[in-house]
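J.: Mind folding the following:
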Amino acid sequence: MKIAVALEGTLSDASHRFNLKDESFEAYQNAHDKDEPNTKLIEFLNQVADELVVYSTTPDNLRLAVSKWLMDNGVEVDELVLKKKSDYRPEYEIKVSMIERLDNDYKVVVENSAKVADLLREKGYLVLQT
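T.: Residues are numbered from 1 along each chain as shown. Next up is the predicted model:
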């Protein structure tokens, strides 16, 4: 089964850094390495996913750091999709476009945002919402 899963708020708990968004979005992004993993979800995905895509609105200049977090937390990823640093569209627009660009076989999406989940459901995806 091919599964696409969101990173922040789904695979990881980013709540410890929410207060940083008001101070500096860069500081918020750079603190992701301290996010706690959602170990139950990671274990589940590693068991059922034949292919796993992780997607995030984290900018692509942090690809190495995000890849390290995924590896350190036992997430077996086939593809990592991050936003372009210059993309300032709303999160829901970015995430929906990321999923739409994937191979059509990715019909299961794991997402925490209600707005993103609803938009993807309207497009025919099976969305598991955390």
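
J.: all strands of this structure, in order?
T.: 2-6, 12-13, 36-37, 51-59, 79-83, 108-111, 126-129 (DSSP state E).

J.: Select, out of these, the one closest to Glu26.
T.: Nearest to Glu26, of all those, is strand 51-59, at 9.2 Å by Cβ to Cβ. Where C-beta positions appear, they are placed from N, C-alpha and C, glycine not excepted.

J.: mind checking how far Val127 is from Leu62?
T.: 25 Å (Cβ to Cβ, to the nearest Å).

J.: typed the wrong thing, it's Gln29
T.: Counting by Cβ to Cβ, the gap from Gln29 to Leu62 is 6 Å.

J.: Relative to Arg17, how far out is the residue of the chain most remote from its centre?
T.: Most distant from the centre of the chain: Glu23, at 22.8 Å, with distances by Cα atoms, centre = their mean. Going from Glu23 to Arg17 by Cβ to Cβ gives 10 Å.

J.: same deal with Thr39?
T.: Here the criterion is Cβ to Cβ. By it, Thr39 lies 19 Å from Arg17.

J.: More neighbours: those two, which one.
T.: For Thr39 versus Arg17, neighbours defined as other Cβ atoms under 10 Å are more numerous around Arg17 (17 against 11).

J.: Cheers, nothing more for now.
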